[in-house]
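# task: produce atomic coordinates for the following.
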Amino acid sequence: MENISWHLFCYFLLSCLSQSSLAADTLTANQSISDEKILVSSRQVFELGFFSPPDSKNRYVGIWYKKRISSHR
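Take a look at the predicted model:
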């Protein structure tokens, strides 16, 4: 019985660790995203989130570049 408890504990611990280390670019079917949250692509190029244009009460979902591309001319 003690062996089963140890295995359950290890399974629970690994399950928790794997959930907390999921990439921020993934949502599962039972997760949602709110105004304060932003998803970042795995290569740190794009972000997905909600925004509101100036002087607007409407909210929109958008995808934009995470980092600004500097222009060296």
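# so what's Ser71 scoring on pLDDT?
In the prediction, the pLDDT value recorded for Ser71 is 65.
# actually Ile38, not the one I wrote
Turning to Ile38, the model gives it a pLDDT of 89.
# how about it: what's its closest non-neighbour residue?
Setting aside the residues directly before and after it, Ile38 is nearest to Gly49 in space (C-beta to C-beta, 6 or more residues apart in numbering), at 4.0 Å. For glycine as for every other residue, the C-beta is placed from the backbone atoms N, C-alpha and C.
# quick check: which element contains the one you found?
With elements taken from DSSP states H and E, the one containing Gly49 is strand 46-51.
# direction included, what does the helix or strand that that strand is followed by pair against?
Using DSSP H and E, the helix or strand that follows strand 46-51 in sequence is strand 60-65. In the sheet containing strand 60-65, its partner strands are strand 46-51 (antiparallel), by DSSP bridges.
# list the buried ones in the partner strand?
Using 16 or more other C-beta atoms under 10 Å as the test for burial, strand 46-51 gives Glu47, Leu48, Gly49.
# out of those, who's nearest Asp25?
Comparing those against Asp25 with C-beta to C-beta places Leu48 closest, at 8.3 Å.
# hmm, the closest one is touching Ile38, no?
Yes: using C-beta atoms under 8 Å as the test, Leu48 is close enough to Ile38 to be in contact (6.9 Å).
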